[in-house]
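Asks: Provide a 3D model corresponding to the input given below.
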Amino acid sequence: MTETMGNLAMLDAPMGGEIGYRTLGTTGDWLVLIHGWCGNADQWNSIIPGLARRFRILAVSHPGFGGMSAPPRSGRTIGAMGAAVARLLDHLDIGCATLVGHSMGGPIMTEAAILAPGRVKALLGLDTLTDRGYYGPVPDDEIRQRRQDFAADYDGRMRAMIDNIAHPSTGDAIRQMITDDMIASAPADFALDIKDDLFAWNAEERWPLVRCPALILNSVWVARLAHPDPMSCFDGTEVVSYDSGHFPMIEAPAMIVEKLKTCITRLVYQQSAH
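Replies: Next up, the predicted model:
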């Protein structure tokens, strides 16, 4: 199991449920760590110490994940989770934040930036957003089929998914730990509701509404699985690659800390040019 850093504080989310959070570090700009599907704030624990020497860290657990109370069905959307992050920034009076969104956290950070442009200075996607097959959107009949297939053997499908997107160098013990943590993060029906909305979310409609500098840091290994047709909405967004699997904060923490620092420096230059 992922080692924890203590209990999370909780805040009521705008569309129901609670968002959990913890803050670390005392100096520097704010870095907001936004986990992906079936993740939680603890997924970042291996890299937080390396980042907290330079940044103040806000790590979140979305409503319904990582032990947080879940929203009603109407709140089981990417937009609702983005609104929860935006409310949390307001609640903590955080401004000039860089949001780091991993996987599903990419769409969530996008929604938060659209809702709270005065509090977000930059976006950094981590293995996210550019694959049309996940963020395109996906046709309704395909969403239904994907759900049926995953629900038929939830635990087995979760492990198969991890095996497909973890790097070949990642050992079985780490793969199993990631699988176990993701299965434990949320009830299957709730998790699949959120996954359905993720597939329906449309980057081509939402990404152009972002007004701050942005950069995407994606896995070369996972990119082999991506839909071959690119999305034109990312033509003006720099995409940088890294050599590890979909969970670099767990699979290769030292490497991804340095990559994140380098990308944040690039974003600072982008911001100064605006």
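
Asks: low-confidence ranges, the stretch 51-200 of the chain, go.
Replies: Across the stretch 51-200 of the chain, nothing is flagged by pLDDT under 70.

Asks: doesn't V257 make contact with G50?
Replies: Yes: the pair G50 / V257 is scored as a contact, 4.0 Å apart, by CB atoms under 8 Å. Bear in mind the C-beta positions are built from the backbone N, C-alpha and C, glycine included.

Asks: which of the two has more residues huddled nearby?
Replies: Per other CB atoms under 10 Å, whichever of G50 and V257 has more neighbours is V257, with 20 against 16.

Asks: chain center to whichever strand or helix holds that one: distance?
Replies: Using DSSP states H and E, V257 sits in helix 253-273. Distance, stretch centre to chain centre, for helix 253-273: 17 Å (CA atoms, centre = their mean, to the nearest Å).

Asks: can I get that helix in CSV, CA atoms only?
Replies: Only the C-alpha atoms of helix 253-273 are listed here, as CSV (Å, rounded to 0.1, in the frame of the first residue of the first chain):
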residue,chain,number,x,y,z
PRO,A,253,10.0,9.3,-8.7
ALA,A,254,13.5,10.9,-8.9
MET,A,255,13.3,11.2,-12.6
ILE,A,256,9.8,12.8,-12.7
VAL,A,257,10.7,15.3,-9.9
GLU,A,258,13.5,16.7,-12.1
LYS,A,259,11.2,16.6,-15.2
LEU,A,260,8.5,18.5,-13.4
LYS,A,261,10.9,21.2,-12.2
THR,A,262,12.2,21.7,-15.7
CYS,A,263,8.7,21.9,-17.2
ILE,A,264,7.6,24.4,-14.5
THR,A,265,10.6,26.5,-15.4
ARG,A,266,9.5,26.5,-19.0
LEU,A,267,6.0,27.5,-17.9
VAL,A,268,7.4,30.5,-16.0
TYR,A,269,9.1,31.7,-19.2
GLN,A,270,5.9,31.2,-21.1
GLN,A,271,4.0,33.2,-18.5
SER,A,272,6.5,36.1,-18.6
ALA,A,273,6.2,36.2,-22.4
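
Asks: average pLDDT for it, rounded please.
Replies: The average pLDDT within helix 253-273 is 87.

Asks: again with stretch 34-46
Replies: Rounded mean pLDDT across stretch 34-46 is 98.

Asks: gap between the two ends of that stretch?
Replies: End-to-end distance of stretch 34-46 (CA to CA, to the nearest Å): 15 Å.

Asks: how about that stretch, which residues are buried there?
Replies: Residues 34-46 are the ones in stretch 34-46 that count as buried (16 or more other CB atoms under 10 Å).

Asks: picking that back up, which helices and strands does the helix holding V257 pack with?
Replies: helix 48-52, strand 97-102, strand 120-126, strand 214-219, strand 238-242, helix 248-251 (3 or more CB pairs under 8 Å, 6 or more residues apart in numbering; DSSP states H and E).

Asks: which residues are contacting the shortest one?
Replies: Right, the one you point to is helix 248-251. 2, 43-44, 46-47, 102, 126-127, 166-167, 169-170, 174, 177-178, 219, 242, 244-245, 255-256, 259 (CB atoms under 8 Å, 6 or more residues apart in numbering).

Asks: narrow these to just the buried residues.
Replies: 2, 43-44, 46-47, 102, 126-127, 166-167, 170, 174, 177-178, 219, 242, 244-245, 256, 259.

Asks: residues in contact with the residue most central in space within the chain?
Replies: By CA atoms, centre = their mean, the chain has its centre lying nearest to G105, at 2.1 Å. Shown in contact with G105 (CB under 8 Å, 6+ apart): 34-36, 39, 126, 128.

Asks: no more questions from me, cheers.
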